[in-house]
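[1] the sequence and its predicted three-dimensional model are supplied below.
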Amino acid sequence: MPQSFNITLLPGDGIGPEIMAVTVEVLQAVGKQCDLQFSFTEALIGGSAIDATGNPLPDETLDICRGSDAVLLAAIGGYKWDSLPRHQRPETGLLGLRAGLSLFANLRPATILPQLVEASSLKRELVEGVDIMVVRELTGGIYFGKPRGIFDGDLEGKPIKRGVNTMAYTDAEVDRIGRVAFETAQKRQGRLCSVDKANVLEVSQLWRDRITALASDYPKVELSHLYVDNAAMQLVRQPKQFDTIVTGNLFGDILSDAAAMMTGSIGMLPSASLGENGPGVFEPVHGSAPDIAGQDKANPLAQVLSAAMMLKYGLDQPEAAKKIEQAVLSTLDRGYRTGDIWCEGTTPVGCQEMGDALLATLSA
């Protein structure tokens, strides 16, 4: 009997449905090879959910996600919904999904594939061999802290508007993400860099104290600390010094995107968002690219690699994950490139043709 898994699909907006369609075909192909059976249920999130229900995260969608083994998300958002009130924007649905599934740990690899070294904006000698994992705390910090909002006030008798956001972490929240980071580093090269702003922020002082205290439980992991401004500089200056990075929600949001661009295209990078129990969410780090939606120009590889992360981290199927990863590498070796990673001497293809090439590689 094949192993069966229930997967929730959230195609979302823009290029989301196109790259999701390719990924489902790839999953079905590798499932046949590895004796895995996938049942897919599609649900609404983001702009498409707003158009259909007025809510960026309908209750039905969250219920479907909670009842699945894993969630595969494509992309959300677009110009169409940018002028809506904040609580109705697509991004609010994504934050609600993370909170609703208690997904506190975001794993974002930034790996330079040898076939794409020349696509990086940095020099070959800087990026060749780069393999970084950013572990970002996902449900705390300034994105969720309270009080928050825009308030009326006065300054020296004159009325003013005051925007407030609160950066806050408890020791338990730091310990939880810290353990994920140490355990991730143990499985890699054994080096963990914790990024904070402990020289000026009390919340970062607590962060550094707690991460340091955890280090004694992981004697095989070499722990270092960097202030976030220095970490941003070092990512560009000497990225190969990093193995695993752990940081809070805001700093992780920024640094993981900076690390992503070293790879040559944000269209190549997957991510995993995990909790202590229940399904994880697996998604590419790029946006919905509404300017190319429906034109068969999108790069589906980040979505496909997100499915590989789903198999590895969410469903404990490392063999199937490796088949997908190898198919991506082999397809790139054969010279197929979507527009975002194209260079002279390679074969330009669209989204569906890249999917066909992956299927051909898998079948071979």
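    That came in fine, so what should we check first?
[2] can you pull the buried residues of whatever helix or strand Glu319 lives in?
    Element membership for Glu319 (DSSP states H and E) is helix 318-333. Neighbour-count burial for helix 318-333, counted by 16 or more other CB atoms under 10 Å, picks out 320-321, 323-325, 327-328, 330-332. C-beta: built from backbone N, CA, C; applies to glycine.
[3] what is the nearest of those to Pro284?
    Nearest to Pro284 among the buried residues of helix 318-333 is Val328, at 12.7 Å by CB to CB.
[4] which strand runs longest in the protein?
    In the chain, ranked by residue count with DSSP state E as the criterion, the top strand is strand 3-12.
[5] quick check: buried residues in it?
    5, 7-12.
[6] Met261 and Ser216: what is the separation?
    36 Å (CB to CB, to the nearest Å).
[7] just to revisit the earlier point, off-centre distance for the longest strand of the chain?
    17 Å (CA atoms, centre = their mean, to the nearest Å).
[8] relative orientation of that strand and helix 318-333 in degrees?
    On the basis of axes from the mean of the first three to the mean of the last three CA atoms, to 10 degrees, strand 3-12 is oriented at 50 degrees to helix 318-333.
[9] partner strands of strand 3-12, with direction?
    strand 36-42 (parallel), strand 70-75 (parallel) (DSSP bridges).
[10] hey, which of those is tucked in deepest?
    Among the strands paired with strand 3-12, the stretch with the highest mean neighbour count (mean count of other CB atoms under 10 Å) is strand 70-75, at a mean of 28.
[11] contacts for that one?
    5, 7-17, 19-20, 23, 45-46, 65, 97, 101, 279-284, 286-289, 303, 306-307, 310, 314-315 (CB atoms under 8 Å, 6 or more residues apart in numbering).
[12] tell me the secondary structure of Val134, please.
    The assignment at Val134 comes out as strand when based on DSSP: H, G, I helix; E, B strand; the rest coil.
[13] run a quick neighbour tally on it.
    29 (other CB atoms under 10 Å).
[14] residues in a beta bridge with the residue nearest the centre of the chain, which ones?
    For the chain, Ser271 is the residue whose C-alpha lies nearest the centre (CA atoms, centre = their mean; 3.1 Å). On the basis of DSSP bridges, Ser271 is bridged to Glu283.
[15] renumber starting at 294 from here on
    Will do, 294 is the new start, and the previous item becomes Ser564.
[16] for it, give me its contacts.
    Contacts of Ser564 by CB under 8 Å, 6+ apart are 399-402, 549, 575-578, 599, 602.
[17] repeat the analysis, applying 6 Å as the threshold.
    Each residue near Ser564 by CB atoms under 6 Å, 6 or more residues apart in numbering is listed here: 401, 576, 578.
[18] I'm done for today, thanks for sticking with me.
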